[in-house]
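**Q** Provide a 3D model corresponding to the input given below.
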Amino acid sequence: MKIVCSQAELLKGVQSVQSIISNRVSLPVLANILLETQKDKLKLAATDLEVGIKTEIPTEILKEGSITLPAKMLFDIVRELPSQDIQIEVTPEYKVILSCGKIVFKIMGLPKDEFPIIPDFKEENAFDVSMVTLKKMIQKTIFAISNDETRYVLTGVLLQTSNNNLEMVATDGRRLAYVNGGKLNKGLKNKLDVIIPSKALREINRLIGEIEDESKTVKIELTENQISYKVGATILVSRLIEGKFPNYKQVIPKEHSQEVLLDTAKFLSAIKRMSLIAPEKAESIKLELINNKAIISSMSQGLGEAQEELEIEYKGNKFEVAYNPKYLVEVLKNLSTQNIILELSNPMSPGVIKPQNNEEYLYVIMPMRL
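**A** Okay, the predicted model is just below:
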């Protein structure tokens, strides 16, 4: 193989794929990026066997071929090279000569035949989802995913369709996040009901980046045990999590006795301040509602205590409940509405947080003992 490409394009390509490579690999080739010529493009790919990613960059092809190179070394080298054309030449012994002006690196690679195959993306089987919509759905659910590998089905997000609406649900057993992304674009032939690993969702979130153009879409292809996303020239393929997701609808309270309107930013700031002194082992803060006031407090033996008062509209009976502040902070910082509604039943029942005048999202949070 012998090619010439720009430093900027090669760096962009390597950055797109290298992030999924694990620090601990079962095979040496899994620490590498595959470089392969195809017509006038250079294809780059990486995988950890659970998630695979590939992209392509414009390249001058002098000789067709392929090679795999250590991802970290390749990234570090290309990043430090000047903004000039880079020539990459592979010898029969899998030695790679990478030159840029008067700079020359010689790196040992591994052949392509040791690299796992990443399935091709079939456009004819794909459906479209707005990038903006998908990003918002991921951001509002991914933090509620469980890290407990013994509850494997909870280590991903449930993606499903209901009445042609796209929905996402995540739970770790102590809180639950649900979001409705609205009507799907045309293209989906069958109902969706799959569990997507958190790593794949983090990568999609990264690939989408900061975008506000509602017309931009992600193409999604679903097979029996895999899901593939196409974002521009980049394709991400992920295994699905096997198993049955819990019936989350049973967890969502049907009724509530108290409803409180809170300013999102003020409530978030108060929670952050009170959590500074919350006890480490049984981290909780107390929320007391009384006479148009919300009193937020925390106490730790040996450290001290803290209290903050917010003015609200509340005329119900005195109500006290305790929550893990981390679970409140994670949801509040991902909500863009000025106000949220907190629905309560009793101090030992789940509370529900909803953005005001927004039926697309809800967050269920279990209380802690006072």
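**Q** contacts and neighbour counts: CA atoms only from here.
**A** Fine.
**Q** What values do phi and psi take at Thr155?
**A** Torsion angles at Thr155 (phi, psi; degrees, to the nearest 10) stand at phi -90, psi 10.
**Q** list the contacts for the closest residue in space to it that isn't next to it in sequence?
**A** Nearest residue to Thr155, sequence neighbours excluded (CA to CA, 6 or more residues apart in numbering): Ser146, at 4.9 Å. By CA atoms under 8 Å, 6 or more residues apart in numbering, the residues touching Ser146 are 154-156, 171-173.
**Q** what's the answer for Ile285, then?
**A** Neighbours of Ile285 in contact, by CA under 8 Å, 6+ apart: 271, 274-275, 278, 296-299, 322-325.
**Q** List the ones among these that fall in helices.
**A** Among the contacts of Ile285, the residues falling in helices (DSSP state H) are 271, 274-275, 325.
**Q** Tabulate the residues you listed (CSV), appending distance to Tyr94, pLDDT and neighbour count.
**A** Formatted as CSV, these follow (distance: CA to CA, whole Å; pLDDT from 0 to 100; neighbours: other CA atoms under 10 Å):
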residue, distance to Tyr94, pLDDT, neighbour count
Ile271, 57, 95, 24
Met274, 59, 93, 21
Ser275, 55, 89, 22
Pro325, 54, 94, 21
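**Q** Which of the residues you listed sits closest to Glu123?
**A** Distance to Glu123 across these (CA to CA) is lowest for Pro325, with 44.0 Å.
**Q** separation between that closest one and Lys219?
**A** As judged by CA to CA, to the nearest Å, Pro325 and Lys219 stand 37 Å apart.
**Q** Output the helix-or-strand element of the chain with minimal mean pLDDT in CSV with nothing but the alpha carbons.
**A** Ranking every helix and strand in the chain by mean pLDDT, DSSP states H and E puts strand 126-130 at the bottom, with a mean of 89. Output in CSV follows, covering the C-alpha atoms of strand 126-130 (Å, rounded to 0.1, in the frame of the first residue of the first chain):
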residue,chain,number,x,y,z
ALA,A,126,-32.1,2.0,7.2
PHE,A,127,-34.5,4.6,8.6
ASP,A,128,-33.7,8.2,9.5
VAL,A,129,-33.8,10.0,12.9
SER,A,130,-33.1,13.7,13.4
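**Q** what's that strand packed up against?
**A** Counting contacts by 3 or more CA pairs under 8 Å, 6 or more residues apart in numbering; DSSP states H and E, strand 126-130 packs against strand 217-222.
**Q** quick one: average confidence on the strand it packs on?
**A** The average pLDDT within strand 217-222 is 92.
**Q** hmm, back to that, Produce a PyMOL select command limited to the buried residues of the contacts of Ser146.
**A** Selection of the buried residues among the contacts of Ser146 in PyMOL, burial being defined by 16 or more other CA atoms under 10 Å:
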select buried, resi 154+155+156+171+172+173
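**Q** Which two of the contacts of Ser146 have the greatest separation?
**A** Gly156 and Gly173, at 12.8 Å, using CA to CA across the contacts of Ser146.
**Q** re earlier: can I get the ones in helices among the contacts of Ile285 in CSV with distance to Leu27?
**A** Converted to CSV, these look like this (distance: CA to CA, whole Å):
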residue, distance to Leu27
Ile271, 45
Met274, 47
Ser275, 43
Pro325, 41
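**Q** Let me know how buried Leu34 is, in neighbour terms.
**A** Neighbourhood size, Leu34 [other CA atoms under 10 Å]: 28.
**Q** And for Ser284?
**A** For Ser284, the neighbour count with other CA under 10 Å is 27.
**Q** who's in contact with it?
**A** Contacts of Ser284 (CA under 8 Å, 6+ apart): 275, 278, 298, 322-325, 368.
**Q** any chance of those in TSV, plus distance to Ser336?
**A** Formatted as TSV, those follow (distance: CA to CA, whole Å):
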residue	distance to Ser336
Ser275	22
Ala278	26
Ser298	26
Ala322	24
Tyr323	22
Asn324	21
Pro325	19
Met368	26
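**Q** Just the buried residues of these.
**A** 275, 278, 298, 322-325, 368.
**Q** Pull the next helix or strand after the least confident helix or strand of the chain out as CSV, backbone CA atoms only.
**A** Next helix or strand after strand 126-130 toward the C-terminus (DSSP states H and E): helix 131-139. Below are the C-alpha coordinates for helix 131-139, written out as CSV (Å, rounded to 0.1, in the frame of the first residue of the first chain):
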residue,chain,number,x,y,z
MET,A,131,-29.6,14.2,14.8
VAL,A,132,-30.9,16.9,17.2
THR,A,133,-33.7,14.6,18.4
LEU,A,134,-31.4,11.6,18.9
LYS,A,135,-28.8,13.6,20.8
LYS,A,136,-31.4,15.1,23.2
MET,A,137,-32.9,11.6,23.8
ILE,A,138,-29.4,10.1,24.6
GLN,A,139,-28.5,13.0,26.9
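**Q** tell me what the following helix or strand past helix 131-139 is packed against?
**A** Per DSSP H and E, the first helix or strand lying C-terminal to helix 131-139 is strand 156-162. On a contact count with 3+ CA pairs under 8 Å, 6+ apart, strand 156-162 meets strand 165-171, strand 193-197.
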